[in-house]
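In: using only what follows, build the 3D model:
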Amino acid sequence: TQADIALLNLLAILALSIRLGGRPTLLAVIVSFFTTNFFFIEPIYTFHVTRGQFIDLCIYLATALAASVLGASSRRQGDAARRSAEEQKLLHSFSSSFNRIPDREGVYDTLRRVMQDRLAAGEVTILPGRHEAPREDPRKVISSMTIATGERVYGTVQATFDAAPSPEQTRLIEACVVQA
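Out: Numbers count the residues shown, from 1 in each chain. Down below sits the predicted model:
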């Protein structure tokens with residue numbers, strides 16, 4: 001029946017939105033709306049509909065759009081949860097590493113290694129005291145952060161990246177520098 005076909009289409013749209021996200025699913029909603037009308041609404045193989053059929057199609061369209069939005073939101077939340085879990089795992093391992101290191105140079109070496117291995121930094125330099133970010137190298141992005149507690153400044157971390165760090169990378173870099 002038409003109701004069964006509409007429900008199957010909605011299920012497919014929900015699955016697509018969870019798998020692919022919002023934009024591809026919006027296209028699927030529009031295609032589904034027109035194919036349902038063309039192939040399953042009397043008279044078939046036309047886009048002609050009665051007023052009652054038009055209302056049914058609009059309800060179907062609204063439901064399909066709602067399913068699409070909910071599925072895409074579910075996908076975004078799942079992605080955010082995965083990123084957050086990865087960040088927490090990195091910060092935990094980083095914090096655990098720092099707790100076992102007795103001297104400042106060991107902490108700095110660990111900070112360099114983590115930034116290069118896990119945060120995609122190129123060259124990582126730790127300078128004594130507070131330093132301003134150097135002039136930009138047009139081929140690299142340079143990130144500069146001060147290692148300090150209160151008024152006491154321990155040094156400045158300068159790291160190069162091939163591209164601007166993502167917001168997640170920036171948060172992790174800041175967290176790592178604070179841990180150091």
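
In: which parts of the worst-scoring helix or strand of the chain on mean pLDDT are buried?
Out: Sorting the helices and strands of the chain by mean pLDDT, DSSP states H and E puts strand 141-149 at the bottom, at a mean of 75. Residues 142, 143, 145, 147 are the ones in strand 141-149 that count as buried (16 or more other C-beta atoms under 10 Å). Every C-beta, even on glycine, is put in place using the N, C-alpha and C of the backbone.

In: after the biggest helix by length in the chain, heading C-terminal, what element do we hit next?
Out: When the chain is parsed with DSSP state H, its longest helix is helix 51-99. The first helix or strand that comes after helix 51-99 along the chain, using DSSP states H and E, is helix 104-118.

In: what's that following helix packed up against?
Out: Here helix 104-118 touches helix 51-99, strand 124-127, strand 152-161, helix 167-179, going by 3 or more C-beta pairs under 8 Å, 6 or more residues apart in numbering; DSSP states H and E.

In: figure out which of the ones you listed is closest to residue 15.
Out: helix 51-99 (7.5 Å; C-beta to C-beta).

In: what mean pLDDT does that closest one have?
Out: In this model, helix 51-99 carries a mean pLDDT of 87.

In: elements contacting it?
Out: Looks like helix 51-99 contacts helix 2-20, helix 22-40, helix 104-118, helix 167-179 (3+ C-beta pairs under 8 Å, 6+ apart).
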